[in-house]
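Q: below: sequence and its predicted model.
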Amino acid sequence: MSTLAFIPARSGSKGVVDKNIRRLDNVPLLAYSVYIAELCKEMNIFSEVIVSTDSRDYLESIKPLGYKNDYLRPSSLAGDNSPTIDAAIHALKHYAKKNIFFDNIMILQPTSPFRNVSQIKEAIDLISSNTKATCVTSVYKLGDYHPRRIKLINKNGFLEDFCREYKEPEPSRRQDFSPDAFIRSGSIYLSKTKQLIENGLIRGSHVLPLEVSEVFSINVDEELDFFKAEVVMNSGKFKEELRLFNSLKALYET
């Protein structure tokens, strides 16, 4: 099956200015996703890699990786409220004009920089072996943020269990919480292109989970997230899991 690696990286972020090329351990954030995508292309896991950006400066930032595609996303699809799916469909149409088509499209968000080759391969294997699946998405298991601990403030100003079906017991120990709860990590969204185009949905109605550890679930959106990611990158505890990126850093030190 042919798979397009699609990396959405519009410019103009307001919360953290130009966060997609903000340096993380001296490497532009965008480069982490491009690096793994290009590596997977070399291994014939991806058929093509496309960075969907409206900024030539962003393309310049990933030149050390050997990325040569000069495709630019139209400014009409790069606004604050522009959905990722519209940009993805535009990229698919860009290839269709060249008579290049894909069975799947994998969205690799730059704000989720950490993922590895085996996770990408597993996602493709999952969707290839399940005819009913519309998408595979990475997830990780919740601990302290389990739904049983989530609250709302009622009209009288008191806390209530947000999820009435799964109330928090007392005493409350996370190891006793059931059933297991998962949250989408953001690092991998693999969709069948047919359903994405026909239904206008990235995930669709039948989503398969790809469970990953918390280190592969870091989303870099705010200043505190950058700090957390920097700590993870420079912690010996995660050295083995993130060793893939050692050579990436070297590319930006020369």
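A: Thanks, I have it. Numbering: from 1, shown residues only.

Q: so in that sheet, which strands flank the longest strand that the chain contains, and in what orientation?
A: When the chain is parsed with DSSP state E, its longest strand is strand 182-192. Neighbouring strands of strand 182-192 in its sheet, by DSSP bridges, are strand 104-107 (antiparallel), strand 135-141 (antiparallel).

Q: would you mind finding the most buried of the ones you listed?
A: strand 104-107 (a mean of 24; mean count of other Cβ atoms under 10 Å). Yep, even glycine has a C-beta here, placed from its N, CA and C like the rest.

Q: SS state for the closest residue to Phe216 other than its chain neighbours?
A: Spatial nearest neighbour of Phe216, excluding adjacent residues (Cβ to Cβ, 6 or more residues apart in numbering): Phe114 at 5.0 Å. Under DSSP: H, G, I helix; E, B strand; the rest coil, the three-state class of Phe114 is coil.

Q: just the one 10 residues further on next, same as before
A: Using three-state DSSP as the criterion, the local structure at Ile124 reads helix.

Q: could you pull up phi and psi at the residue nearest to it when sequence neighbours are not counted?
A: Excluding the flanking residues, the one nearest Ile124 by Cβ to Cβ, 6+ apart is Thr3, at 6.0 Å. Here is the backbone geometry of Thr3 (degrees, to the nearest 10): phi -130, psi 130.

Q: ok, Pro110 next?
A: phi -60, psi -30.

Q: tell me how many other residues crowd it.
A: By the criterion of other Cβ atoms under 10 Å, Pro110 has 24 neighbours.

Q: check contacts around it.
A: By Cβ atoms under 8 Å, 6 or more residues apart in numbering, the residues touching Pro110 are 7-9, 20, 29-30, 32-33.

Q: likewise Ser13?
A: Taking Cβ under 8 Å, 6+ apart, we find Ser13 in contact with 19-20.

Q: before we move on, what about Leu72?
A: 53-56, 59.

Q: just the buried residues of stretch 33-52, please?
A: Across stretch 33-52, burial judged by 16 or more other Cβ atoms under 10 Å covers 33-40, 45-52.

Q: kindly check the end-to-end length of that stretch for me.
A: 12 Å (Cα to Cα, to the nearest Å).

Q: how far off centre is that stretch?
A: 14 Å (Cα atoms, centre = their mean, to the nearest Å).

Q: so which residues of the stretch 1-150 of the chain form helices?
A: Assigned by DSSP state H, counting those that start in this stretch, the stretch 1-150 of the chain shows helices spanning 29-42, 56-61, 84-96, 117-128.

Q: for stretch 132-148, what is the average pLDDT?
A: Mean pLDDT, computed over stretch 132-148, is 94.

Q: what's the span of it, first residue to last?
A: End-to-end for stretch 132-148, by Cα to Cα: 31 Å.

Q: could you do stretch 103-117 as well?
A: End to end - Cα to Cα - stretch 103-117 spans 19 Å.

Q: quick one: mean pLDDT over it.
A: 97.

Q: one more: stretch 58-74?
A: The model assigns stretch 58-74 a mean pLDDT of 93.

Q: residues of it that come out buried?
A: 58-59, 61-62, 64-65, 67, 73.

Q: ok, now stretch 206-213?
A: Applying 16+ other Cβ under 10 Å to stretch 206-213 flags 207-208, 210, 212 as buried.

Q: now the residue nearest to Ile124: how far from Asp103?
A: To Asp103, Thr3 is 7 Å away according to Cβ to Cβ, to the nearest Å.

Q: now swap in Val136 and tell me
A: Taking Cβ to Cβ, one finds Val136 at 13 Å from Asp103.

Q: apart from its chain neighbours, what residue comes closest to Ser172?
A: Closest residue to Ser172 apart from its sequence neighbours, by Cβ to Cβ, 6+ apart: Arg149 at 7.0 Å.
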